[in-house]
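A.B. asks: How does the following fold in three dimensions:
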Amino acid sequence: MTDDDTPFPPEESDLPDRRDVLRAIVGAVRGDGIDAEIDAVPARWSIAGTHEITIPGADKHKLKVRFRAAVGPIPDVEAELMARLSVPEGVGRPEVRAFAKRFKAACRESGRLDEAYGRIDDWVATVSERAGAFGDAWRPREFADQLQRVLGFGGRTPRLETVLDAMEEAFAAAAARAGVKVRRTALETASGLGVYLDSFAAARAMLRKLRLFVGPTNSGKTHAAMDRLCEMADGAYLAPLRLLALEGQEAIEARGRPCTLITGEERDVRPGAAFVSSTIEMANTGRVMGACVIDEIQMIGDPDRGWAWTQAVAGMAASEIIMTGSADAIPYVRRIADAIGEELEIVEFTRKSPLRVQEERVALDDVRRADALVAFSRRDVHALRAALLQRGHPVAVIYGALSPEVRRAEARRFREGQAEVLVATDAIGMGLNLPIARIVLSTTRKFDGRQERELTSSEIRQIGGRAGRFGMHEEGRVAVLEGENIGPVRRALTSPPPAPEDPRPWISPNLIHVEAIARELETDSLAKVLRTAGQELLRAHQTFRMTDLEGRIQAAIAVDGAKLPLAVRDMLSRCPIDVRDANQIRLLRQWAINQGRGRPNPAPDFGERYVRDTGTDVELEAAEKSVKDLTAYAWLAYRFPDAYPEMDLCQERRQQVNGFIERTLAARSLPRACSSCGARLKPTHRFRVCDECFARDRAARPARGGPRRAGEAAPAAPGPRPGRHGEAPARPARGGFRRGRGRP
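C.D. replies: Alright, predicted model coming up:
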């Protein structure tokens, strides 16, 4: 009977006696799991049930599914109840008990429980069938545990449909995880990243020996490694920086071995050279050689560049692999050696001169000759430089935005005594041998491109170890500026290196991996390929983990719109640009578009901006960015000479801009002095000459327009107008000073 067929008139549906009686009946049967919605007409009845299930594959996990199955209205019994309510006798307790038995019997005889059990069993059967498609990726016990948590419902007994929906959602979540595992396995298998070590066929075919020279800076480990390298007939030296690669070339040739230099943006090929010095990203894993020196091996733990050290250790085809660096690298190298099954020898070196912690904080007024102040941003470096100039110290500066040529020039000024004090970032931590007596950290925190964090012990040791160069100073000291905490420095220099939380080395997908992933995903988007690799692959790998690909992804987004093959776009995405610089991203995008259209890209042109002797701080920063643009162009020109044909012009302009930067830094590194008498000027003094010289010069001039006696020398011309910031204006190429402007 439908709701419309019920014999109850609408006005009777709201009778208080009906609800009271039904409420009493429901109270009598609720202990048997039977309930009703008494406001509905007729009342809607339901019955509670419990069904035990077992998830296939998890036999020990017996789950009890509690639910409430809808029975619906029982109109015939309720019709009798309404008829009973209409007689004068009404409904008493005996009648309530009698009707309760009838409603209970009707609910149990409805077959709703058996139907519910069948639906639950059917769902369990589908789980077994659907989970089978995931193979080993499916974890039945893990799913059973999750399902048990889902079925709690906070102590309530929900409707059957709610229970089935919750169980299906739990399965969908578990299936998604299993599906991701299946997808990851398929991608790792297809790409070859899952068997990364096997991709270096030449190295795997050799019997190699791994030697790890560990010790602090200034311990002679790199010198010993280079001696061993040059005992071989041929070999390679791999460095983290172009500056170090250049020093490596010089060190090998000083031992009588011709050596070729290869970096990302230059080649210095020596005819007949059997040795090569290169930046580590340019390592040639296909060439068989006698020995290979991998410098600064602790960089293998760096999430951005560590993949290059992993590639070198695992892939260089040399009979002897000699790694030099700090002991922080031991867990990573040992993980690779165990995976390859090759012998690893660890040789420990000790520092040649003592390195001590200076407990007393250093005030800027107490900075002395041969000190190096370390900051961690370009802005802080220049602020410290200005403060030291104000205190009368000639200053050299070294920071990451400077090209290797300029860094070397500034290091030379400090080494030769033209600058008393060095202000630098942690760029001095690698590749520069400097006569530093004391390292003074301006802070023990740094922004690493992602977050502000404490310096690691490895970073402090690497930077602090530059103090007290053997043969230059009897000992080295490491201190902090006033207001900073010496505790991190003390712990870093007096405690052994802590074990890394995750000793798995980093790896990065090469072109073969990228193309294989693209085929598996059926996509031509480089950004999608890299994002998939970064987010999904090697999550559970026992030996390796995926490097941080975010910077490469941003570059890939910039070049994906160009009509270029995937392999070309992959190479463009590796171009050394700062992806945080919107101008460099735009430049890379335009270069890629032009390359895709077959238009040659001209070298960046800056007009006559950097032909002057020196410039302002603003012009200095612009020049540093210009060098980055030229470096990126040179990097691409070596790989795509037809698309970037102006390599010679690029190198000429880069040399010109670097010269401008060197001259500007040198001119602005000395305390300001009067151009007439040499007296020291305050940093805030507006003119090139002191007040006394200006007054004396003015008094010596004849009155304006007055006649001069025959043979009388013309009065000295007044000094040039000062620059906006007090600096001496540069002399234009044709001679003389421009009128009306403080800057040339």
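A.B. asks: surely Cys650 meets Tyr633?
C.D. replies: Yes - counting by CB atoms under 8 Å, Tyr633 is a contact partner of Cys650 at 5.1 Å. Just so you know, the C-beta spots here come from the backbone N, C-alpha and C atoms, and that holds for glycine as well.
A.B. asks: any residues in contact with both of the two?
C.D. replies: Residues touching both Cys650 and Tyr633 (CB atoms under 8 Å, 6 or more residues apart in numbering): 603-604, 644.
A.B. asks: JSON lines for the residues you listed, including distance to Gln298 and pLDDT?
C.D. replies: Shown next, in JSON lines, are those (distance: CB to CB, whole Å; pLDDT from 0 to 100):
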{"residue": "Ala603", "distance to Gln298": "37", "pLDDT": "96"}
{"residue": "Pro604", "distance to Gln298": "35", "pLDDT": "95"}
{"residue": "Tyr644", "distance to Gln298": "35", "pLDDT": "97"}
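A.B. asks: Now for these, which sits with the most neighbours around it?
C.D. replies: Most neighbours among the shared contacts of Cys650 and Tyr633, by other CB atoms under 10 Å: Tyr644, with 23 neighbours.
A.B. asks: measure it to Gln584 for me?
C.D. replies: 15 Å (CB to CB, to the nearest Å).
A.B. asks: Check Cys674 too.
C.D. replies: Cys674 sits at a distance of 42 Å from Gln584 (criterion: CB to CB).
A.B. asks: Spit out the contact partners of Arg267.
C.D. replies: Residues in contact with Arg267 (CB under 8 Å, 6+ apart) are 260-261, 638.
A.B. asks: ditto for Trp45
C.D. replies: By CB under 8 Å, 6+ apart, the neighbours of Trp45 are 34-36, 70-74, 103, 106-107.
A.B. asks: Am I right that it falls within a strand?
C.D. replies: Yes - counting by DSSP: H, G, I helix; E, B strand; the rest coil, Trp45 is located in a strand.
A.B. asks: which residues does it bridge with?
C.D. replies: For Trp45, the beta-bridge partners are Ala36, Gly72 (DSSP bridges).
A.B. asks: Just the CA atoms of stretch 596-609, as CSV, please.
C.D. replies: The C-alpha trace of stretch 596-609 is given here as CSV (Å, rounded to 0.1, in the frame of the first residue of the first chain):
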residue,chain,number,x,y,z
GLY,A,596,61.6,27.1,-32.6
ARG,A,597,60.9,29.6,-35.4
GLY,A,598,64.3,29.2,-36.9
ARG,A,599,65.4,32.8,-36.0
PRO,A,600,68.9,33.2,-34.6
ASN,A,601,69.1,34.8,-31.2
PRO,A,602,71.5,37.8,-30.9
ALA,A,603,73.7,38.1,-27.8
PRO,A,604,72.4,40.4,-25.1
ASP,A,605,73.4,44.0,-25.9
PHE,A,606,73.8,46.6,-23.2
GLY,A,607,74.9,49.5,-25.4
GLU,A,608,77.5,51.8,-23.9
ARG,A,609,76.3,51.3,-20.4
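A.B. asks: Please point out which parts of it sit buried.
C.D. replies: Using 16 or more other CB atoms under 10 Å as the test for burial, stretch 596-609 gives 596, 601, 603-604, 606.
A.B. asks: just checking, which of those residues belong to helices?
C.D. replies: Within the buried residues of stretch 596-609, residues falling in helices by DSSP state H are Gly596.
A.B. asks: From Met299, how far off is Leu566?
C.D. replies: Taking CB to CB as the measure, Leu566 falls 29 Å from Met299.
A.B. asks: Any of the contacts of Arg267 buried? List them.
C.D. replies: Using 16+ other CB under 10 Å as the burial test, the contacts of Arg267 include 260-261 as buried.
A.B. asks: Doesn't Gly49 lie inside a strand?
C.D. replies: Yes - counting by three-state DSSP, Gly49 is located in a strand.
A.B. asks: excluding its backbone neighbours, what's nearest it?
C.D. replies: Setting aside the residues directly before and after it, Gly49 is nearest to Leu113 in space (CB to CB, 6 or more residues apart in numbering), at 4.7 Å.
A.B. asks: Compute the distance between that neighbour and Ile120, please.
C.D. replies: Leu113 sits at a distance of 11 Å from Ile120 (criterion: CB to CB).
A.B. asks: and if you look at Ala492?
C.D. replies: Applying CB to CB, the value for Ala492 to Ile120 is 61 Å.
A.B. asks: the more surrounded of these two?
C.D. replies: A side-by-side neighbour count of Ala492 and Ile120, using other CB under 10 Å, places Ala492 first with 23 against 20.
A.B. asks: hang on, isn't the more buried one packed against Arg461?
C.D. replies: Yes - contact criterion CB under 8 Å: Ala492 and Arg461 qualify, at 5.5 Å.
A.B. asks: Now do the SS call for the nearest residue to Leu63 once chain neighbours are set aside.
C.D. replies: Closest residue in space to Leu63, ignoring its immediate chain neighbours: Ile53 at 5.2 Å, by CB to CB, 6+ apart. What three-state DSSP gives for Ile53 is strand.
A.B. asks: so how far is Ala144 from Ile53?
C.D. replies: With distances taken as CB to CB, Ile53 is found 9 Å from Ala144.
A.B. asks: Overlap of the contact sets of these two?
C.D. replies: Here Ile53 and Ala144 have Leu63 as joint contacts, going by CB under 8 Å, 6+ apart.
A.B. asks: The two: which is more packed in?
C.D. replies: Ala144 (22 against 19).
A.B. asks: ok, that one to His51 distance?
C.D. replies: Counting by CB to CB - Ala144 and His51 are separated by 15 Å.
A.B. asks: ditto for Ala201
C.D. replies: For Ala201 relative to His51 (CB to CB), the value is 58 Å.
A.B. asks: What of Glu89?
C.D. replies: Applying CB to CB, the value for Glu89 to His51 is 43 Å.
A.B. asks: ok, now Ala479?
C.D. replies: Separation of Ala479 from His51 (CB to CB): 73 Å.
A.B. asks: Next: Arg108.
C.D. replies: Note on Arg108: its distance to His51, by CB to CB, is 15 Å.
A.B. asks: Same check on Ala679?
C.D. replies: Applying CB to CB, the value for Ala679 to His51 is 98 Å.
A.B. asks: Comparing the two, which shows the higher neighbour count?
C.D. replies: His51 (19 against 12).
A.B. asks: Just confirm the more buried one contacts Asp114, I think it does.
C.D. replies: No - His51 is beyond contact range of Asp114, at 10.3 Å (criterion: CB under 8 Å).
A.B. asks: Which one of the contacts of Arg267 is nearest to Ala291?
C.D. replies: Nearest to Ala291, judged by CB to CB, of the contacts of Arg267 is Thr260 at 15.8 Å.
A.B. asks: Any idea how many residues pack against Phe200?
C.D. replies: Phe200 has 18 nearby residues by other CB under 10 Å.
A.B. asks: any idea of the pLDDT on it?
C.D. replies: Listed pLDDT for Phe200 reads 93.
A.B. asks: Just give the nearest non-adjacent residue to it, would you?
C.D. replies: Among residues not flanking Phe200 along the chain, Gly315 sits closest, at 3.7 Å (CB to CB, 6+ apart).
A.B. asks: Report the contact partners of the one you found.
C.D. replies: Shown in contact with Gly315 (CB under 8 Å, 6+ apart): 199-200, 203, 283, 285.
A.B. asks: Please repeat the previous calculation with a cut-off of 10 Å.
C.D. replies: Residues near Gly315 by CB atoms under 10 Å, 6 or more residues apart in numbering: 196-197, 199-204, 283-286, 321.
A.B. asks: Helices - which of these land there?
C.D. replies: Per DSSP H, the contacts of Gly315 map to helices at 201-204.
A.B. asks: Write a PyMOL command that selects only the buried members of those.
C.D. replies: Buried subset of the ones in helices among the contacts of Gly315, written as a PyMOL selection, criterion 16+ other CB under 10 Å:
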select buried, resi 203
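A.B. asks: closest to Arg351 among the ones in helices among the contacts of Gly315?
C.D. replies: For those, the nearest to Arg351 is Ala203 (32.9 Å; CB to CB).
A.B. asks: isn't that closest one right up against Asn284?
C.D. replies: No - contact criterion CB atoms under 10 Å: Ala203 and Asn284 do not qualify, at 11.6 Å.
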